[in-house]
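**Student:** Return a 3D structure for these sequence lines:
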Amino acid sequence: MESPTAAAPAATFPAALMWSADNCTVARAMAVIGDKWTFVVLREIFCGIHRFDQMRVRTGIPRQVLANRLDRLVAEGLLHRQPYREEGLRTRTEYRLTDKGLDLYPVLTAVLAWGNRYLADPQGSPIELVHRDCGAQVQAPLRCAAGHEVESPRDVLPQPGPGARRRA
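**Tutor:** The predicted structure is shown next:
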């Protein structure tokens with residue numbers, strides 16, 4: 001009788017192990033946006049809150065943390081500073097999204113949907129995103145480049161892209 005180890009198939013491993021993750025764009029993106037306060041700041045700006053003091057009131061972010069996050073988002077090109085001046089007061093700064101920052105809206109929408117599904121209060125979400133033209137709720141579905149809606153993340157196959165590098 002053959003031993004169980006002799007009949008066992010050769011060890012298999014995920015194909016992803018053949019490729020380096022040194023230039024991973026997910027890791028690079030998370031280095032820019034991967035902390036709680038950054039997403040809170042982006043949420044506020046997407047909701048129309050553009051001024052430092054208004055963000056402090058709504059979020060409770062410590063002053064120095066907020067200043068650091070805004071500086072970082074400006075340096076990374078997600079926001080730009082826009083001066084404004086109210087009558088009789090000194091010139092101050094508002095923060096506005098750049099195209100690079102606006103491109104994060106589907107990410108924030110997906111995070112909101114996940115939070116609504118798993119973390120909302122029993123009464124539901126404190127915010128709904130609706131289409132300005134028709135009032136229907138906005139979602140961030142997965143679609144392939146051919147326009148097909150992807151039903152499940154399990155229907156997506158990760159594969160090496162043009163920047164992939166074989167592991168040494």
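
**Student:** element containing Pro83, please.
**Tutor:** Here Pro83 sits within strand 79-84, counting by DSSP states H and E.

**Student:** which is the next helix or strand following that strand?
**Tutor:** Next along the chain from strand 79-84, counting by DSSP H and E, comes strand 92-97.

**Student:** So what's the gap between the host helix or strand of Pro106 and the chain middle?
**Tutor:** Element membership for Pro106 (DSSP H and E) is helix 105-118. Put simply, helix 105-118 sits 9 Å off its chain's centre (C-alpha atoms, centre = their mean, to the nearest Å).

**Student:** What are the structural domain limits within the chain?
**Tutor:** Taking automatic domain parsing as the criterion, the chain consists of the domains 24-103, 106-116+127-154.

**Student:** Please identify the most buried of those domains.
**Tutor:** Comparing those by mean neighbour count (mean count of other C-beta atoms under 10 Å), domain 24-103 ranks first with a mean of 14. (C-beta placed from N, C-alpha, C; glycine too.)

**Student:** okay, how far is it across it, tip to tip?
**Tutor:** End-to-end span of domain 24-103 (C-alpha to C-alpha, to the nearest Å): 19 Å.

**Student:** swap in stretch 46-54?
**Tutor:** 13 Å.

**Student:** And the average pLDDT for that stretch is what?
**Tutor:** Averaged across stretch 46-54, pLDDT comes to 96.

**Student:** neighbouring contacts of it?
**Tutor:** Here stretch 46-54 makes contact (C-beta atoms under 8 Å, 6 or more residues apart in numbering) with 44, 55, 58, 66-67, 70, 82, 92-97, 105, 108, 127.
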